[in-house]
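Visitor: Any chance you can model this:
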Amino acid sequence: MPKATTLPNADAGASSSNETIVQIQGYLQIMSQSMNQVRAHVHLLQAAGVRIDKAGIALLFKLQRHGDSPLRVTDLADLLGVDPPTVTRKVQQLERLGFVVREADAEDGRATRIQLTQDGRDTLERVLAAHREFLARVFDDWADQDLKTFASLLERFSETIRVEVEKNRD
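Guide: The predicted model follows:
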């Protein structure tokens with residue numbers, strides 16, 4: 001990675017901190033680009049033996065994260081950061097594949113709730129298992145303590161990001 005440029009700042013400590021932030025930003029961009037490549041997704045699905053697109057996996061994952069409580073299309077759209085019609089189309093596709101079912105919303109007869117089927121859970125688990133195998137290869141030569149430290153820092157970082165994003169949602 002190219003050397004980070006120093007941001008103008010009178011305080012040497014702050015300058016060093018700014019350089020580190022620039023480095024982190026660059027590494028996060030590299031990681032995001034690498035993990036979001038279409039080729040990486042295709043390879044992951046091949047390893048899992050699954051034929052589903054990235055948006056479908058994301059929707060199944062969001063449903064799984066919410067456990068046994070079915071979600072409305074509008075809630076899924078909010079969680080995925082897309083509009084409800086996009087989610088409706090994806091739900092229809094996943095329903096045809098047998099990965100989700102729609103059921104009437106007991107509170108609002110006009111709305112439906114979406115829930116994973118066992119086939120949807122199994123499919124998602126195969127993809128997650130293939131992803132864990134990929135990560136195991138990535139971290140294969142890391143010392144156990146380094147891996148634990150990284151996991152701890154990543155947890156802290158992820159929670160901080162989640163809180164910041166939640167603050168900015170309104």
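Visitor: Would you map the strands across the protein?
Guide: Remark: strands assigned in the chain by DSSP state E are 71-72, 100-104, 112-116.
Visitor: Tell me the buried residues in stretch 39-46?
Guide: By 16 or more other CB atoms under 10 Å, the buried positions in stretch 39-46 come out as 41, 44, 45. C-beta coordinates here come from the backbone N, C-alpha and C atoms, glycine included.
Visitor: Identify the residue spatially nearest to the spatially most central residue of the chain, adjacent ones excluded.
Guide: The chain has residue 58 as the residue nearest its centroid, 6.8 Å off, counting by CA atoms, centre = their mean. Spatial nearest neighbour of residue 58, chain neighbours left out: residue 80 (6.0 Å); criterion: CB to CB, 6 or more residues apart in numbering.
Visitor: mean confidence for stretch 96-112?
Guide: If you average the pLDDT over stretch 96-112, you get 88.
Visitor: which outside residues touch it?
Guide: Residues from elsewhere that reach stretch 96-112 (CB atoms under 8 Å, 6 or more residues apart in numbering): 52, 56, 59-60, 63, 70, 72-74, 91, 94-95, 113-117, 119-120, 123.
Visitor: Filter those down to the ones in helices?
Guide: 56, 59, 60, 63, 73, 74, 91, 94, 95, 119, 120, 123 (DSSP state H).
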